[in-house]
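Engineer: using only what follows, build the 3D model:
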Amino acid sequence: MQNISLGKIEKVIVHFIGNKNNEDGVKFSEEMTEFTKIEDYLKRLLGNNLKTEELNQFYFNPTLDLNPVYQFVNKIFQDEDSFIEQSKNTGRYLYDKSTHPNIKAGELCIVYLKDCQVGDELVNGIAIFKSENKEIILKVNSTSKGFSLTDVVGLNINKLDKGCLIFNTQKEDGFIVSLIDNTNKLTEAHYWKDDFLSVRPKKDEYHQTNQFLGITKQFVTKQLTEDFEVSKADQIDFLNRSVDYFKKRETFDKAEFEEEVFGDSNVIESFRKFDSGYRQDNELELSDNFQISSQAVKKQSKVFKSVLKLDRNFDIYIHGDKNLIEKGVEKDGRKYYKIYYDEEK
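Structural biologist: The predicted structure is shown next:
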């Protein structure tokens, strides 16, 4: 993962963008927004929400130059004086993409930053974020006889609904883009990432590691049980061995991974078929050899479940040797697991 830190905020502008399907319309600012008193809060808002380990890049078929947002930010990077004009173009384009009935109206904020650090480079950056969900706070006012409370509606500086941070580096490949979408993962929310920005994961070690572990999980939890007769304990064992492989190595080798995790030639063949189909269906370009990202392994480890749930009575956590647990059925039909251990703690 590259070392990334935010620079100094130079310009800020806010526009209102409604839902086009509801004919909400837009309201554009004609001048930049004063921000000197809230710069630290803006930087906190961006820094706390944007996932700088999961980097993306703009794309568009057949050519990157046809990506509108890429063009807007590129013109700002080339000429800072075009900031207001290009921010309006960005707002117009977002409005055109805001057609799903569940998309909420909100304020679009565009921020220009100087001297952001990306690895060993100092580059400028552009943050684009939209506030859709407001929060109510109670403001305490002093009066002659005590205090009064009034409600104030505003933006939570700790939570960003939708946003991205674009760094002026690797322009030919689509810049480097850090992305966030906290609202929901339903289809209507994809308009920000797919329809508006048109970004896809950067082909780095984080992306490679994250995607391959994801493919493995999909295979073990869905496809494996269709092709073979395996127990829940066997599935958990495959998931544990997958994560252990990535935790113990700095580089990934697909053939070695298959042999160490799956072992059986029939299972390996099933996995290869599933892997190939998954990559094709999801338009993924993955290498069979790459550097392993410890950040991606840590993230995926959290969703690789190692819990065997038995009715509503027991949860068995399987972290190690699967051979220490046996499954069986009593003569009266009751199912059981037998567990072997050395010490009780």
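Engineer: hey, where'd the helices end up in the stretch 151-300 of the chain?
Structural biologist: For the stretch 151-300 of the chain, helices defined by DSSP state H, counting those that start in this stretch occupy the ranges 190, 205-218, 224-227, 232-247, 254-261, 265-281, 294-301.
Engineer: for the stretch 101-250 of the chain, which residues score under the pLDDT cut-off?
Structural biologist: 181-189 (pLDDT under 70).
Engineer: could you point out which element follows whichever strand in the chain runs longest?
Structural biologist: The longest strand of the chain (DSSP state E) is strand 106-118. Downstream of strand 106-118, the next assigned helix or strand under DSSP states H and E is strand 121-131.
Engineer: okay, now the sheet partners of that following strand, with direction.
Structural biologist: strand 106-118 (antiparallel), strand 162-167 (antiparallel) (DSSP bridges).
Engineer: what's the most buried one of the ones you listed?
Structural biologist: Counting by mean count of other CB atoms under 10 Å, strand 162-167 has the highest mean neighbour count of those, with a mean of 26. Placement of C-beta: from N, CA and C, glycine included.
Engineer: any residues touching it, and which ones?
Structural biologist: 4, 6, 46, 49-50, 52, 56, 73, 116, 118, 123-130, 132, 175-183, 192, 197, 199 (CB atoms under 8 Å, 6 or more residues apart in numbering).
Engineer: how far off centre is it?
Structural biologist: Centroid displacement of strand 162-167 relative to its chain, using CA atoms, centre = their mean, to the nearest Å, is 12 Å.
Engineer: export that strand as PDB, just CAs?
Structural biologist: Provided in PDB are the C-alpha atoms of strand 162-167 (Å, rounded to 0.1, in the frame of the first residue of the first chain):
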ATOM      1  CA  LYS A 162     -20.400   9.400  -1.100                       C
ATOM      2  CA  GLY A 163     -17.100  10.700  -2.100                       C
ATOM      3  CA  CYS A 164     -13.800  10.300  -3.800                       C
ATOM      4  CA  LEU A 165     -10.300  11.800  -3.700                       C
ATOM      5  CA  ILE A 166      -8.400  12.000  -7.000                       C
ATOM      6  CA  PHE A 167      -4.600  12.500  -7.000                       C
END
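Engineer: nearest residue to residue 44 in space, ignoring adjacent ones along the chain?
Structural biologist: In space, and not counting its chain neighbours, residue 44 is closest to residue 157: 5.9 Å by CB to CB, 6 or more residues apart in numbering.
Engineer: in three-state terms, label residue 148 for me.
Structural biologist: The three-state assignment at residue 148 reads strand, by DSSP: H, G, I helix; E, B strand; the rest coil.
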